[in-house]
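Undergrad: sequence first, then the predicted structure, then my questions.
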Amino acid sequence: TLPAEDRKSALQSLASGWSRKSPEAVLQWAGAMTDQEERNSIVRTAVSQWAGTQPDAAARYVERLPESERSGPMQSVVDNWASKDTESAAAWLERQPGGAAKDAALGSLARKISQEDPEAALTWVAGISDEKQRLRQTEAVARDWIRQDPATARQWIAASKLPEDLRTRLLK
């Protein structure tokens, strides 16, 4: 009976707190929800909490989701796991099937590591199958790199096979 925004906030608050103790129970509860948007939001919240403490278990759960529901939870797993163990998160992500969910997670991984290793981040971005998303992520990583090491970044950009308009924007 709550207004929509209040209901959304209440559900998120409940899911967040409950997920700290029993993410599996929250995911079971979410599975019974009829509203797809609410279910997706609760699943992402629970997976994010779970991935903070047991990323491998959360990852196994995400692997069982239908492709159409995997993107947000997969990003949550990668974000949390990569914060603690980038190599394990990357190895898991490499084993995942291609598609929109993996593309989004590759972008998340690249953003996580771009501050420390922009060249490695660009390697991950190169694995994104959707060209528009790959170019957006490449631009974001390149801009981070320019802030960190302008000379090296500009050299890479100038020699890259990026579209001319993107190279021009980045080199301004």
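TA: That came through, no problem.
Undergrad: contacts only, for the spatially most central residue of the chain.
TA: Note on the chain: the residue nearest the mean C-alpha position is Gln75, at 2.8 Å, using Cα atoms, centre = their mean. Applying Cβ atoms under 8 Å, 6 or more residues apart in numbering, we find Gln75 in contact with 104-105, 108. Heads up, the C-betas are built off the backbone N, CA and C, glycines and all.
Undergrad: switch to 10 Å and redo it
TA: By Cβ atoms under 10 Å, 6 or more residues apart in numbering, the contact set of Gln75 is 44, 47-48, 51, 62, 101, 104-109, 111.
Undergrad: just those now: which is nearest Val26?
TA: Nearest to Val26 among those: Val47, at 9.3 Å, using Cβ to Cβ.
Undergrad: what's the closest non-adjacent residue to that closest one?
TA: Computed as Cβ to Cβ, 6 or more residues apart in numbering, the closest residue to Val47 that is not its neighbour in sequence is Pro73, at 4.1 Å.
Undergrad: show me the contacts for that neighbour.
TA: Counting by Cβ under 10 Å, 6+ apart, Pro73 touches 27, 40, 43-48, 50-51, 58-59, 61-63, 65, 101, 105.
Undergrad: thinking again about what came up before, so which of the contacts of Gln75 is the closest to Thr152?
TA: Arg111 (19.3 Å).
Undergrad: which other helices and strands does the helix or strand hosting that closest one contact?
TA: In the assignment (DSSP states H and E), Arg111 maps to helix 100-113. Under the contact definition 3 or more Cβ pairs under 10 Å, 6 or more residues apart in numbering; DSSP states H and E, helix 100-113 sits against helix 71-84, helix 86-94, helix 118-125, helix 131-148.
Undergrad: most packed of these?
TA: helix 71-84 (a mean of 23; mean count of other Cβ atoms under 10 Å).
Undergrad: relative to the whole chain's centre, how far out is the helix holding Arg111?
TA: Between the centre of helix 100-113 and the centre of its chain there are 5 Å (Cα atoms, centre = their mean, to the nearest Å).
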